[in-house]
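[1] sequence and predicted model, in that order:
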Amino acid sequence: NAGVTQTPKFQVLKTGQSMTLQCAQDMNHEYMSWYRQDPGMGLRLIHYSVGAGITDQGEVPNGYNVSRSTTEDFPLRLLSAAPSQTSVYFCASSYGRANGNTIYFGEGSWLTVV
Amino acid sequence: GQQLNQSPQSMFIQEGEDVSMNCTSSSIFNTWLWYKQDPGEGPVLLIALYKAGELTSNGRLTAQFGITRKDSFLNISASIPSDVGIYFCAGLVGVEYKLSFGAGTTVTVRA
């Protein structure tokens, strides 16, 4: 997990509140992405970015926004939190169009929406 | 996303036993990856497979990329207590980093 830093580690939100999960990497990686992990479902891609200024939707993008103003940072925003967004969120980064062995994951952010 | 069927969902094994798990898909993948996740941490890559039929080892771990490109298996030999965790398979199509994950296999080792 070295090089990909996520904050906060834990967060409790009330329904309707907004918040931002931060992700930063210091490896000069082009690709960054956000996944959510729910019990029995593995990880699902929310949004991803292939470089600064470029973002695209993944499998489950609804309710989330992202931006990529710098190579290092890829924040995930919840505009109006819902209980269905209670999950563990992982940020990942990777360098260039190489094979899958260059994907690094952060340590996760546990989010509870009440 | 493309669905990966991973089995078994969980297993209890005796220390020293061999472990086997597999992943199947209705779609073809160009790359198969196997990750391990410890409690409170993110997934860590164990093995990456790039060619159909490829058999790759990493210490006590062995994984194979199925000939049809729709399946992969992971074997752990002579399990030890630190093998406890959740193992995920993941598939990758093309060069974009859109991983499709299996639901995971939870491994518990009895000492």
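    On my side now, so go ahead.
[2] pLDDT score assigned to the closest residue to B:Phe65 other than its chain neighbours?
    Of all residues not flanking B:Phe65 in the chain, B:Leu49 sits nearest, at 3.8 Å (CB to CB, 6 or more residues apart in numbering or on different chains). For the C-beta atoms, the positions are set from N, CA and C on the backbone; glycine is no exception. Looking at B:Leu49, its pLDDT is 92.
[3] just grab the bridge partners of B:Leu49 for me.
    Bridge pairing for B:Leu49 (DSSP bridges) gives the partners B:Trp32.
[4] residues touching it, list them.
    B:31-33, B:56, B:63-65, B:72 (CB atoms under 8 Å, 6 or more residues apart in numbering or on different chains).
[5] which of those residues tops the neighbour count?
    Ranked by the number of neighbours (other CB atoms under 10 Å in any protein chain shown), the contacts of B:Leu49 place B:Trp32 first, at 31 neighbours.
[6] isn't that one right up against B:Val93?
    No. Applying CB atoms under 8 Å, one finds B:Trp32 not in contact with B:Val93, separated by 11.0 Å.
[7] helix or strand for the residue nearest in space to the middle of chain A, which one?
    By CA atoms, centre = their mean, the mean C-alpha position of chain A lies nearest to A:Trp34, the distance being 2.8 Å. Taking DSSP states H and E as the definition, one finds A:Trp34 inside strand A:31-37.
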